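Peer 1: Take this sequence and fold it.
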Amino acid sequence: MPYEVMLLENAGKDLEAIFGFLVHSAGNTKALQEIELLEKACNSLSENPQRGSVPRELEKTGAFEYRQIISKSYRIIYQIIEKNVFIYGVIHGRRDVKEILRQRLYIKNRS
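Peer 2: Alright, predicted model coming up:
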C-alpha cells in the first residue's frame, strides 16, 4: 500500500522560489522541466520512502527520524510517520542546509 506524500508549507515555498529563480536564469521551459522533476522525485516517495538516507547534518544531532533523497542539486528532506511522508524542504545543496534544517525542524545544535 503506497504512502501519502504531503508537501508542507516551507517545501511548497521552496519549489516556488526555485521556479522563480530558474525562470529568470534559464527561462520558463527549463524552470517547468526542473519543477516537474522535483515534484516527480517527491511523489516517488509514495513507494519505499525508507530508501532515503539520514542527512549528515542531522546524524550529528541524533535526529535519525528525518531522511533525504537527492534530485540533481536538490535535497528533499522528509519524515515518515505511519503511512505518511511529510516533506519539509527542497533545498539546493549550495545553501546552508544545516541552518535551514535547524530552523525548520527546531533541532538543537549538538555538534
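
Peer 1: contacting residues for Pro2?
Peer 2: The contact partners of Pro2, by C-beta atoms under 8 Å, 6 or more residues apart in numbering, come to 46-47. C-beta: built from backbone N, CA, C; applies to glycine.

Peer 1: Is it part of a helix or strand, or is it coil?
Peer 2: With DSSP: H, G, I helix; E, B strand; the rest coil as the basis, Pro2 sits in coil.

Peer 1: give me phi/psi at it?
Peer 2: Dihedral pair for Pro2: phi -70, psi 150, per degrees, to the nearest 10.

Peer 1: so how far is Ser44 from it?
Peer 2: Distance of Pro2 to Ser44, given as C-beta to C-beta, to the nearest Å: 10 Å.

Peer 1: And for Cys42, the neighbour number?
Peer 2: When neighbours are defined as other C-beta atoms under 10 Å, Cys42 has 21 of them.

Peer 1: Gly89 is in contact with that one, correct?
Peer 2: No - contact criterion C-beta atoms under 8 Å: Cys42 and Gly89 do not qualify, at 10.8 Å.

Peer 1: hey, what's in contact with both of these two?
Peer 2: The contact sets of Cys42 and Gly89 overlap at 11, 76 (C-beta under 8 Å, 6+ apart).

Peer 1: where does the chain dip in pLDDT?
Peer 2: Counting by pLDDT under 70, the chain has low-confidence residues at 106-111.

Peer 1: Just want the most central residue of it.
Peer 2: The centroid of the chain falls nearest to Ile76 when counting by C-alpha atoms, centre = their mean (2.1 Å).

Peer 1: Which helix or which strand is home to that one?
Peer 2: If you go by DSSP states H and E, Ile76 is part of strand 74-81.

Peer 1: What ranges does the protein have for its helices?
Peer 2: All helices of the chain, identified by DSSP state H, fall at 9-26, 28-43, 56-59, 97-105.

Peer 1: can you list contacts of the last one?
Peer 2: Here helix 97-105 makes contact (C-beta under 8 Å, 6+ apart) with 10, 55, 57-58, 63, 66, 75, 77, 88-89, 91, 107, 109.

Peer 1: Thanks a lot, catch you later.
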